[in-house]
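**Student:** Sharing a model that was predicted from the sequence below.
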Amino acid sequence: MSAPRPGDRLLTESNIARLTFLLAMVFLGAVLAVVYLRFHPTPAAAPGGHRSRSLDSPYQARPFLHGQAQAQTSLAAGHAIARDLSIEYLNHGYQWLSITDLNSPTPTKEYERAGLLTMSGELVQYPFARFLAYGVDHFQLADKPQQAVDWIHGNAGVVFLADPLSAPMLDARAIASLRDLDGIEIYNARLARDEPTNANATALWDRLLGAGHRLWGIVGDDTLDSSGPLSTLGRTAVDVQVIDQTPVLVEAALKSGAFVDSTGVRVLGVSADSDLITVVTSDADEIKFIGKGGKVLQTSHGTRAEYHVHWDEGYVRAEATRAADGALAWTQPVFVNP
């Protein structure tokens, strides 16, 4: 038998290395598949090959971070400096804050405080509408509403139509035509004082949701003063669900709808399991479940309520009320896939 040639040895070692690499890739693929299925379970199939009914909820089993999404300083229409606003919000128990000055984002370093997370934001105004933009660091001109939405998203931002009932304003058809709009402002505390008929846009929200548009609702103090009789500081809150307290994760929560809105009622949890939607608050007296077209589906009394889905609602959102002072909380819609 002839002795093995050097080339034969190299070929054998090459084959072994190639086989080892392929086995490693197969193992890695299996691990990734398990991880994907763990976090992206495949919907169960009903008889005949159809997908089963499901509830599409933005919420997870996480605590809420108490925050404020709209305030203005003396650099814009307000009368307070950023530092004073941040101190007051911290004293009122807020854990995150975004100052939204008009057409000019205030650097977050100007209002950072220990114990208060800050996220960049601004109120961008055009002749045709106003938008709340989060995660952006500049203002950009736009000729049309869609251009405004596009540049905010193009800068990895989140965009909500602000004050949709107050001029300058878009009608429902124009709002519905906007691609990639993340949501609309459903309540503005300063407007509730100055233009009360234009402050609450939940009816418009329900109209858009009922037409099949997946939009989140946000609220804001829109305060111009840090204190005094004209201040609306502390009138609203946007509580987000995040696994860690970072601006990027707060922005992601706003984009995905993982938040609740409030004028005083504290929501502790929202869950959607099988055909059951559960809302838990700390201090509500009444909880209403609302579906397509703003129809009240069920009214429950107490701090906790459950709603069994009938699968024809389109979506289900909740409003919790405290009778003593009329304080409210709004959940985001859970979409019903029949």
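**Tutor:** Received, thanks.

**Student:** make it CA atoms for all contacts and neighbour counts henceforth
**Tutor:** Will do.

**Student:** check which helix or strand covers the nearest residue to Phe259 once chain neighbours are set aside.
**Tutor:** Once flanking residues are discounted, Phe259 sits nearest to Val240: 4.1 Å by C-alpha to C-alpha, 6 or more residues apart in numbering. Taking DSSP states H and E as the criterion, Val240 maps to strand 237-241.

**Student:** Can you tell me how far the residue nearest to Phe259 is from Phe139?
**Tutor:** Val240 sits 25 Å away from Phe139, going by C-alpha to C-alpha, to the nearest Å.

**Student:** pretty sure Gly183 is in contact with Pro164, am I right?
**Tutor:** No. With contact defined as C-alpha atoms under 8 Å, Gly183 does not count as touching Pro164 (10.6 Å).

**Student:** What's the local residue count around Gly228?
**Tutor:** Using other C-alpha atoms under 10 Å, Gly228 has 8 other residues around it.

**Student:** any idea how far Ala189 is from it?
**Tutor:** In terms of C-alpha to C-alpha, Gly228 sits 15 Å off from Ala189.

**Student:** before we move on, back to that, give the other helices and strands that the very next helix or strand once past the strand holding Val240 contacts.
**Tutor:** The C-terminal neighbour of strand 237-241 among helices and strands, as given by DSSP H and E, is helix 247-256. For helix 247-256, the packing partners by 3 or more C-alpha pairs under 8 Å, 6 or more residues apart in numbering; DSSP states H and E come out as strand 158-162, strand 237-241.

**Student:** and this protein, what are its domains?
**Tutor:** Listed domain ranges for the chain are 8-41, 68-257, 264-338 (source: automatic domain parsing).

**Student:** I'd like those domains as a markdown table, with distance to Ser57 and mean pLDDT appended.
**Tutor:** Compiled in a markdown table, the domains of the chain are given as follows (distance: least, C-alpha to C-alpha, whole Å; pLDDT from 0 to 100):
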| stretch | distance to Ser57 | mean pLDDT |
| --- | --- | --- |
| domain 8-41 | 14 | 40 |
| domain 68-257 | 9 | 97 |
| domain 264-338 | 5 | 97 |
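
**Student:** Any idea which residue is closest to the centre of the protein?
**Tutor:** When C-alpha atoms, centre = their mean is applied to the chain, the residue found nearest the centroid is Leu254 (2.4 Å).

**Student:** quick one on the thing from earlier: so how far is the strand holding Val240 off the chain centroid?
**Tutor:** The chain centroid and the centroid of strand 237-241 are separated by 8 Å under C-alpha atoms, centre = their mean, to the nearest Å.

**Student:** Can you give the contact residues for that strand?
**Tutor:** The contact list for strand 237-241, computed with C-alpha atoms under 8 Å, 6 or more residues apart in numbering, reads 59-60, 62-69, 218-221, 250, 253-254, 258-264.

**Student:** Restricted to buried residues, select the residues you listed in PyMOL.
**Tutor:** PyMOL command restricting the contacts of strand 237-241 to the buried ones, with burial defined by 16 or more other C-alpha atoms under 10 Å:
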select buried, resi 59+64+65+66+67+68+69+218+219+220+221+250+253+254+258+259+260+261+262+263+264
